[in-house]
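Q: Fold the following, please.
(3 chains)
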Amino acid sequence: MSGTAASMHDAHHEAPTSFVRKYVFSTDHKMIAKQYIFIALFWAFVGGLLAYMFRWQLAWPETPVWGFGWISEDADFMPTGRIGPEVYNALITMHGTIMVFFVAMPLLLASMGNFLIPLMVGARDMAFPRLNMLSVWVLATASLILLASFFVEGGAAAAGWTGYPPLSAKVDYTGVIWGIDLWLLALALEFASFLMGGINFLVTPFNMRTRGMSLFRMPLMIWMIVIASVLFLLSVGPLIAGAVFLLLDRNLGTSFFLPEGGGDPLLWQHLFWFFGHPEVYVIFLPALGVMLEVISTFSRKTIYGYRPIIYAVLTAGVLSFVVWAHHQFISGLDPRLATPFSITTILISVPFAFVVFSLLATLWKSSIRLDTPMWFAIGGLSIFVFGGVTGIFNGSATVDIFIHDTLFVVAHFHSTLFSAVFLGGFCAIYYWYPKMFGRVMDEFWGKVHFAGTYLGFLAVFVPMHLVGVGGMVRRVADHTKYDLFIPLQPWNEWMTVAAIVLFLFQFVFAVNFIRSLYWGREAGENPWGGTTLEWTTPSPPPHGNWPGAIPEVHNAPYEYGVPGIDGEWVSQDQPAP
Amino acid sequence: MAAAENHGPKNIVIWAYLVILALVSVFVSLIIPSPADTVVIFALAIAKAALVLMYFMHLRVENIFIHSLFFVPLALVVVMFFGFMPDINHWLY
Amino acid sequence: MSVESTASTDTMEAGVPAAKLGVWWFIASEIMVFGGVLASFILLRLTGPGWAGDIEHNSVLLGSINTLVLLTSSFSIVEVLAANKAGDLEKFKKYMGITIALGLLFMVIKGVEYSIHIHEGLLPDKSLFWAFYFGMTGLHGLHVLAGIVANISLLVVVSKPGGLARYGHRSEMCGLYWHFVDVVWIFLFPLLYLG
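A: Coordinates of the predicted model:
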């Protein structure tokens, strides 16, 4: 056994010196975290661009998208910059896939997990550094494949991000030849990447905590990442099986999902959503962890109910495996299943409501400091609560039959996912940027970015709820073709303008990010007054994370104003008086 | 852990059980007409899998972490099976 | 750098070596993959028109031989683990060689079966049963191949001077994976040959 432990630490004897080992094929968890961030931000830009393009189509159908008018009339793809129904389908499909699998997961789970786990639990690196490097490069390969799928004959996948058969199972139905195969391949590699990453996310906090860091002294962020990784591990298998079946259906003429050959399209929906619902929490839990850390630090107060939050999230994790069919209420689901799945769906909001009230109790009578990360944390939480409330509408089968496949559903899941991925993700970046790069991002422009993002989001998605209840259906390229929707068309134009504004505000972030790398204020060890271990080492941390010995832990996280101890807050490694 | 493993039966004995069970299940499938033999054959398959898991993969001496990594997915597969069941090909009848 | 890392880190808090936890994590994900495959097969089998006619094309003899081959290889890789505990390099190499040979034999027999089916025109698009047959045995075969590669690479590194002391403990990781592949076959065999 000790042999295993020793070999585990062999991998990081000394800092690598060559450029390639240091920046490209690095095994240092901090560099890998940065690589994940850049992959995620690149894809976020692409995903946002796609959103701009299809929003343009929805507001002003069949007109050339501004900025794409240079495309020639004979081009196969978007001639003269116009988006037809086929391209529209490809755009929404790829937008969903990119944002969920190539932005949300790398940004929140992989990058924050990689950066924070060793620093927060007090380890020199991850348990399997080379496996870690492999997982980021598998994700990079998946990214290249997904990017290539835009340029192959027949265009990118266009069967929706859920890829329902029979639409996705036959070339004739969508006209997409290679796109869906490449899409499935990219997803399979992405899953492989995160399964490999997940091994590290589980083993490092379990086996490599520093002395005194008991399980219930770990920061909540670590708990959230561990639970999210386990949820991913346990849910993704059936979808991998389904992806293999779908590839065979497309390429070998089998009929797993085609009724004419004895298969069943509902089987895919079940396999997909058995993964798809826990996936929501895989994305959300790390964001929740970020919000917990930030709200505690900036309200200068202990998290209210540390252990109950862990138990609540574990409960939600268990429940998340028995709610999947609420995505399928109108797809021919056995009616006897509708009530049980409605009940579990509404039940799952209880643990999350508990966590939200814990956060409110943490804020209660605290000394709140409204720096940029805090704005993003509170803003993200508020929108998530909003999305959670509309989730109750969708979760109830009777209501869902009316609003299913309308823009109300789209608005609902953007409220939950946008708040988690972008508000939570930006919150994490603003908060840990000083630790990553040694400089603090500009406060003023950070707040401008928050205001634009928050208000821009509300301007797009609050009206979207309204038109959704008005009956406007999703996955329709041109609503003006239907008389029913013509009175709602001004709202479509408004949402597009707001979405463009929202997109433009992200350039504030991009400029701030790059500018602060060189001209930001020097951060020092602990710019925010945080109590967890990552703030006890220089920013950016050296190779091996602590220049001297790894600190020993004496306290729970989030200790503020402890009687008998000088100072407002108590770092986790501060010995008892 | 290492000490505990030595208390169990010898590996070759487990192997002999496995071979006997495999042969019996083939034999059962030949003499009992389908589908009546299904229950027996699957009981035997589960017994074989249990032998491999308990003795060759040492599941009987592992701690709660390894147990969770095995039994939780197993439970989820069962949940998945019964959750899917009402829907698959229900339009046939 | 690594001087105090074992000293100041209670590395063994979970009571399981990291590598073993990693392999079991991998096996957990595989249980879900094969669980999804098997659940789909059984559900469509139960509700479908009946595949008894298709199943009769499968040779119970070849399937049984392959079952015995994999069961025996499971036994031989346990002996590899025992050899590692005893520090017996010759026994390690012998039983690992047997395991690899049995794995290859399994693949050869599988290939013979495939070629018989293909000659008879029983291709994946023939019916849902053959789709599942090729899908499931193909997926399982890829796992067997991966296991063979893992076993060969372990045999190579262990054969180097000092290899057994350094890499011998990996026999447990290879073994766990190999047993898991065997367990999957234990369920595939009755489903595809006897059912």
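
Q: hmm, the helix or strand harbouring residue A:195 touching chain B?
A: Using DSSP states H and E, residue A:195 sits in helix A:179-207. Yes. Residues of helix A:179-207 contacting chain B under C-beta under 8 Å from any C-beta of the partner chain: residue A:206. Using the backbone N, CA and C atoms, a C-beta is placed for each residue, glycine as well.

Q: For that helix, name the packing helices and strands.
A: On a contact count with 3 or more C-beta pairs under 8 Å, 6 or more residues apart in numbering or on different chains; DSSP states H and E, helix A:179-207 meets helix A:85-97, helix A:112-121, helix A:129-148, helix A:220-252, helix C:18-47.

Q: Spatially nearest residue to the residue of the stretch 351-500 of chain A found nearest chain B (excluding sequence neighbours)?
A: Using C-beta to the nearest C-beta, the single residue of the stretch 351-500 of chain A nearest to chain B is residue A:397, 14.5 Å away. Excluding its sequence neighbours, the residue lying closest to residue A:397 (C-beta to C-beta, 6 or more residues apart in numbering or on different chains) is residue A:338, at 4.0 Å.

Q: That neighbour in helix, strand or coil?
A: The three-state assignment at residue A:338 reads helix, by DSSP: H, G, I helix; E, B strand; the rest coil.

Q: need the contact list for it.
A: Applying C-beta atoms under 8 Å, 6 or more residues apart in numbering or on different chains to residue A:338 gives the contacts A:325, A:329, A:397.

Q: and the angle from the helix holding residue A:195 to helix A:129-148?
A: 160 degrees (axes from the mean of the first three to the mean of the last three C-alpha atoms, to 10 degrees).

Q: Enumerate every residue touching the closest residue to chain A within chain B.
A: Residue of chain B nearest chain A, by C-beta to the nearest C-beta: residue B:86 (3.7 Å). By C-beta under 8 Å, 6+ apart, the contact set of residue B:86 is A:334, A:336-337.

Q: for those residues, which one is nearest chain B?
A: Distances from chain B to these, taken by C-beta to the nearest C-beta, are shortest for residue A:334, at 3.7 Å.

Q: Quick check: the gap between the residue of chain B closest to chain A and residue A:348.
A: Taking C-beta to C-beta, to the nearest Å as the measure, residue B:86 falls 21 Å from residue A:348.

Q: How about residue A:312?
A: Counting by C-beta to C-beta - residue A:312 and residue A:348 are separated by 11 Å.

Q: Next: residue A:422.
A: Residue A:422 sits 23 Å away from residue A:348, going by C-beta to C-beta.

Q: secondary structure element for the most centrally placed residue in chain B?
A: What sits nearest the mean C-alpha location of chain B, by C-alpha atoms, centre = their mean, is residue B:46, with 2.7 Å. Using DSSP H and E, residue B:46 sits within helix B:38-51.

Q: Which residues does the next helix or strand after that helix contact?
A: Remark: after helix B:38-51, the chain's next helix or strand is helix B:64-84, criterion DSSP H and E. With contacts defined as C-beta under 8 Å, 6+ apart, helix B:64-84 is touched by A:206, A:234, A:237-238, A:267, A:270, A:274, A:321-322, A:324-325, A:337, B:53, B:59, C:14-16, C:20-21, C:24-25, C:27-29, C:31-32, C:35-36, C:38-40, C:42-43.

Q: So which of the contacts of residue A:338 is surrounded by the most neighbours?
A: Of all the contacts of residue A:338, the highest neighbour tally under other C-beta atoms under 10 Å in any protein chain shown goes to residue A:325, namely 27 neighbours.

Q: So for that one, what's the pLDDT?
A: For residue A:325, the pLDDT comes out at 91.

Q: ok, now residue A:569?
A: On pLDDT, residue A:569 comes in at 88.

Q: In this structure it contacts residue A:529, no?
A: Yes. In this structure, residue A:569 is within contact of residue A:529 by C-beta atoms under 8 Å, at 5.8 Å.

Q: Now do the shared contacts for these two.
A: residue A:300.

Q: Could you confirm residue A:127 falls within a strand?
A: No. Read with three-state DSSP, residue A:127 is coil and lies in no strand.

Q: how near is residue A:184 to residue A:42?
A: As judged by C-beta to C-beta, residue A:184 and residue A:42 stand 22 Å apart.

Q: Those two - which one has more neighbours?
A: residue A:184 (21 against 16).

Q: quick one, what contacts the more buried one?
A: A:163, A:243, A:246-247.

Q: Pick the one among the residues you listed closest to residue A:509.
A: Nearest to residue A:509 among those is residue A:163, at 31.4 Å by C-beta to C-beta.

Q: so that closest one touches residue A:179, yeah?
A: No. Here residue A:163 lies out of contact with residue A:179, judged by C-beta under 8 Å, at a distance of 10.9 Å.

Q: joint contacts of the two?
A: residue A:157.

Q: coming back round to it: kindly reformat the helices and strands packed on helix A:179-207 as a markdown table containing distance to residue A:525 and mean neighbour count.
A: Converted to a markdown table, the helices and strands packed on helix A:179-207 look like this (distance: least, C-beta to C-beta, whole Å; neighbours: other C-beta atoms under 10 Å in any protein chain shown):
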| stretch | distance to residue A:525 | mean neighbour count |
| --- | --- | --- |
| helix A:85-97 | 40 | 22 |
| helix A:112-121 | 12 | 27 |
| helix A:129-148 | 25 | 20 |
| helix A:220-252 | 19 | 24 |
| helix C:18-47 | 30 | 22 |
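
Q: Among those, which comes closest to chain B?
A: That would be helix C:18-47 among the helices and strands packed on helix A:179-207, by C-beta to the nearest C-beta, at 3.3 Å.

Q: what about that closest one, near chain B?
A: Yes. Judged by C-beta under 8 Å from any C-beta, helix C:18-47 and chain B are in contact via C:20-21, C:24-25, C:27-29, C:31-32, C:35-36, C:38-40, C:42-44, C:47.
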